[in-house]
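Q: build me a model from this:
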Amino acid sequence: MKLSDIPIVGQVLKSGAEDRVFDSLLLVGLVLIPLIAVVGRSLFTTGTAIVYIALFVGYVFYKGIRGEMMGDGQ
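A: Below is the predicted model of the structure:
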């Protein structure tokens, strides 16, 4: 079984931006939000959310500087 055979993961990979890191960050968000909702707010979940948001924003910023988000990068 390949990763793309999993229903939600396969759809994200097929419709994604051909960027494994970006796709992975989106999928981690889908797991992280319900986890925080179930576990509740704590130092661990707050720290995890901050790290996730920082990674996501940092990666988008990095790709934007390199001009790769809209496919105009070389």
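Q: would you mind measuring from the residue positioned nearest the centre of the chain to Leu32?
A: Centroid check for the chain by Cα atoms, centre = their mean gives Leu25 as the closest residue, at 1.3 Å. Applying Cβ to Cβ, to the nearest Å, the value for Leu25 to Leu32 is 10 Å. Bear in mind the C-beta positions are built from the backbone N, C-alpha and C, glycine included.
Q: for stretch 61-68, buried residues please.
A: Lys63 (16 or more other Cβ atoms under 10 Å).
Q: show the pLDDT at the residue nearest to Ala49 when sequence neighbours are not counted.
A: Nearest non-adjacent residue to Ala49, counting by Cβ to Cβ, 6 or more residues apart in numbering: Ile36, 6.3 Å away. Turning to Ile36, the model gives it a pLDDT of 91.
Q: pretty sure Ile36 is touching Phe44, no?
A: No - judged on Cβ atoms under 8 Å, Ile36 makes no contact with Phe44 at a distance of 9.6 Å.
Q: compare the two (neighbour count), which wins?
A: Per other Cβ atoms under 10 Å, whichever of Ile36 and Phe44 has more neighbours is Ile36, with 17 against 10.
Q: and the more buried one, what element?
A: Assigned by DSSP states H and E, Ile36 belongs to helix 20-39.
Q: which SSE is immediately downstream of that helix?
A: Per DSSP H and E, the first helix or strand lying C-terminal to helix 20-39 is helix 43-66.
Q: which strands and helices lie in contact with that next one?
A: Applying 3 or more Cβ pairs under 8 Å, 6 or more residues apart in numbering; DSSP states H and E, one finds that helix 43-66 makes contact with helix 20-39.
Q: CA atoms only for the helix it packs on, dumped as CSV, please.
A: C-alpha atoms of helix 20-39 as CSV (Å, rounded to 0.1, in the frame of the first residue of the first chain):
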residue,chain,number,x,y,z
ARG,A,20,5.9,17.2,-0.6
VAL,A,21,6.8,19.5,2.2
PHE,A,22,3.7,21.8,1.6
ASP,A,23,1.4,18.7,1.3
SER,A,24,2.9,17.3,4.5
LEU,A,25,2.3,20.5,6.4
LEU,A,26,-1.3,20.5,5.2
LEU,A,27,-1.9,16.9,6.3
VAL,A,28,-0.2,17.5,9.7
GLY,A,29,-2.6,20.4,10.3
LEU,A,30,-5.5,18.1,9.7
VAL,A,31,-4.2,15.8,12.5
LEU,A,32,-3.1,18.6,14.8
ILE,A,33,-6.3,20.5,15.0
PRO,A,34,-8.5,17.6,16.2
LEU,A,35,-5.7,16.5,18.5
ILE,A,36,-5.7,19.8,20.2
ALA,A,37,-9.5,19.8,20.4
VAL,A,38,-9.5,16.3,22.0
VAL,A,39,-6.6,16.8,24.4
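Q: right, I'll leave it there.
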